[in-house]
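J.: Sequence plus predicted model, see below.
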Amino acid sequence: MSIPQSGGGPIEHHAQLAEYLESGCKPKDQWRIGTEHEKFGYCKDTLKALPYEGKRSILAVLEGLRDGHGWSPVEEGGKLIGLEKDGANVSLEPGGQLELSGAPLENIHQTCDEVNQHLEDVKDIADRIGVGFIGLGAAPIWSHEDMPLMPKGRYKLMDSYMKEVGTMGTTMMRRTCTVQVNLDFASEADMVKKLRVALALQPVATALFANSPFLEGKPNGHKSWRSRVWRDLDPARTGMLPFVFEEGFGFEAWVQYALDVPMYFVYRDGQYINALGMSFRDFLKGELPALPGETPTLSDWADHLTTAFPEARIKKYMEMRGADGGPWRRLCALPAFWVGLMYDQSSLDAAWDLVKDWDAETREMLRVSASVDGLQAQAGKVKMHDLAREVLAISEAGLVARGQAGAGGLVPDETHFLNALKDSIETGKVPADELLERYHGDWGGDLTRIFADYSY
């Protein structure tokens, strides 16, 4: 979840809303890659989820990173709730999931180095205090009551509101983890094509990265339960956004969409003010019930943009949001997958040619089927396994064209980061399939064994 924005002046005219988004446009040589990934922490002896405070806790991990690895503290209400260093930050998801929001980097080699260093540092602290971390799309054995809500004002507001607008909002908050990548665009036209490709192909990412077949100790009938959760969270702020594919879509159309997303809060002087269900349109007119007579700043607009949760979204950059959290190889594979598709024009054009004739029904069918069946998904004549094979080939070609060398020039490009996905294409199996095989095989239905076998 995003941290509060700062530095924005007052909004004096409507055009500033789209101008804020457009200000993210960058020339290609300034495009960067920002990778975010979440993971579940647990006590090694009891296998219980980590509380916020205590000897074995999220707070102890944050303090260890702060004191032993050079991170600066981020506090709210006198409590340590995050860390910052070198353009990256560590934050807490609502149920205590630990998230690294990586710095904007030039290539996947740097991204993977960042991931490696972060996981090494976290393991250093975790081993000292007897805790572990595991990458999965959904909590395998814990109930809602097992997952403590972290002490952030934003989460307290969201937690109560989620119970009113869907059936799975609180499950999303406490019991899911994702990996996502944030990418740049050059212009409005570039943003439009990238966002359309991103939305259409999120089901491919959902299928390839599916890693949440369990809930509360048993199979749940889905390869990606995390994706299933997002389908019944809050229809006002989630989904595949058919309007993005309509003629004339651009920054202003996104503004109109975001203005219709009900508000959560306004952040003032370190406090979250309850604006649940209120209208940003009213805020613009000085008629927000929570702050009568006050009009918003660009920081308020930036905050509000973080409360829309579609499968892909734009702020000053674009976020790909369709993948489950998972093992180390896939933390590097997710940014490689999307960078190969998005950062080479020929690959982006080829990806658009694949999906441009799909209708909204096909895109939604793929989304649903991917969550249930992974690579065995199908929507009409579109077979996920065949589609994923073709998309991966396009991504690989894009990475070859980028020619970003690593290891001092010994590695010619970034294509080897796709190897985990190539394995899935070859075998037809994604992480969820492997987990289910273990559950029904050598684990003998004992899901607690997932922690010893799959933790970082």
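T.: Received the coordinates, thanks.
J.: In this structure residue 413 contacts residue 405, no?
T.: Yes - applying C-beta atoms under 8 Å as the test, residue 413 and residue 405 come out as touching, 6.7 Å apart. C-beta coordinates here come from the backbone N, C-alpha and C atoms, glycine included.
J.: higher neighbour count, these two?
T.: Under the criterion of other C-beta atoms under 10 Å, the comparison of residue 413 against residue 405 puts residue 413 first, with 20 against 14.
J.: which strands and helices sit next to the lowest-mean-pLDDT helix or strand in the chain?
T.: Least confident element among the helices and strands of the chain, by mean pLDDT, DSSP states H and E: helix 153-165 (a mean of 93). Using 3 or more C-beta pairs under 8 Å, 6 or more residues apart in numbering; DSSP states H and E, the elements in contact with helix 153-165 are helix 169-175, strand 265-268, strand 271-274.
J.: Once you drop chain neighbours, what's closest to residue 62?
T.: Distance criterion C-beta to C-beta, 6 or more residues apart in numbering; nearest residue to residue 62, sequence neighbours excluded, is residue 80 at 5.2 Å.
J.: Please, which helix or strand holds that neighbour?
T.: Using DSSP states H and E, residue 80 falls within strand 79-85.
J.: what lines up beside that strand in the sheet?
T.: strand 72-76 (antiparallel), strand 88-92 (antiparallel) (DSSP bridges).
J.: how distant is the last one from the center of its chain?
T.: Computed by C-alpha atoms, centre = their mean, to the nearest Å, the separation of strand 88-92 from the middle of its chain amounts to 13 Å.
J.: Pairing partners for whichever helix or strand comes after that strand, with directions?
T.: Sequence order places strand 98-101 as the next helix or strand after strand 88-92, per DSSP H and E. Here strand 98-101 has these sheet partners by DSSP bridges: strand 33-43 (antiparallel), strand 88-92 (antiparallel).
J.: can you put the ones you listed in CSV and add mean neighbour count?
T.: Formatted as CSV, the strands paired with strand 98-101 follow (neighbours: other C-beta atoms under 10 Å):
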stretch, mean neighbour count
strand 33-43, 24
strand 88-92, 22
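J.: list the buried ones in stretch 397-410?
T.: Within stretch 397-410, the residues scored as buried using 16 or more other C-beta atoms under 10 Å are 397, 398, 399, 400, 402, 404, 406.
J.: Residue 355: which of those residues is nearest?
T.: The shortest gap between residue 355 and any of the buried residues of stretch 397-410 belongs to residue 398, at 15.5 Å (C-beta to C-beta).
J.: pLDDT score assigned to that closest one?
T.: Residue 398 is assigned 98 on the pLDDT scale.
J.: what's the helix or strand where residue 61 lies packed up against?
T.: Using DSSP H and E, residue 61 falls within helix 58-69. If you count contacts as 3+ C-beta pairs under 8 Å, 6+ apart, helix 58-69 packs onto strand 72-76, strand 79-85, strand 88-92, helix 108-129.
J.: any idea which of those is most buried?
T.: Comparing these by mean neighbour count (mean count of other C-beta atoms under 10 Å), strand 88-92 ranks first with a mean of 22.
J.: And for it, what's in contact with it?
T.: Strand 88-92 is contacted by residues 1, 3, 58, 62, 65, 71, 74, 81-84, 98-103, 114, 118, 150, 152 when judged by C-beta atoms under 8 Å, 6 or more residues apart in numbering.
J.: what angle separates it from helix 108-129?
T.: Here the directions of strand 88-92 and helix 108-129 differ by 40 degrees (axes from the mean of the first three to the mean of the last three C-alpha atoms, to 10 degrees).
J.: still on that earlier bit, rebuild the helices and strands packed on helix 58-69 as TSV, extending it with mean pLDDT and distance to residue 139.
T.: Putting the helices and strands packed on helix 58-69 into TSV (pLDDT from 0 to 100; distance: least, C-beta to C-beta, whole Å) gives the following:
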stretch	mean pLDDT	distance to residue 139
strand 72-76	97	24
strand 79-85	97	20
strand 88-92	97	15
helix 108-129	98	17
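J.: In the least confident helix or strand of the chain, which residues are buried?
T.: 153, 154, 155, 156, 157, 158, 161, 162, 165.
J.: Report the two of those residues separated the most.
T.: 153 and 165, at 19.1 Å, using C-beta to C-beta across the buried residues of helix 153-165.
J.: thinking again about what came up before, of all the strands paired with strand 98-101, which one comes closest to residue 140?
T.: strand 33-43 (8.5 Å).
J.: and the closest one, how far from the chain's centre?
T.: Between the centre of strand 33-43 and the centre of its chain there are 10 Å (C-alpha atoms, centre = their mean).
J.: what's the answer for stretch 249-269, then?
T.: Distance of stretch 249-269 from its chain centroid, counting by C-alpha atoms, centre = their mean, is 19 Å.
J.: Can you give me the end-to-end span of that stretch?
T.: Stretch 249-269 has its terminal residues 36 Å apart, counting by C-alpha to C-alpha, to the nearest Å.
J.: Figure out the helix or strand that the closest residue in space to residue 387 that isn't next to it in sequence lives in.
T.: Spatial nearest neighbour of residue 387, chain neighbours left out: residue 204 (6.2 Å); criterion: C-beta to C-beta, 6+ apart. Assigned by DSSP H and E, residue 204 belongs to helix 188-208.
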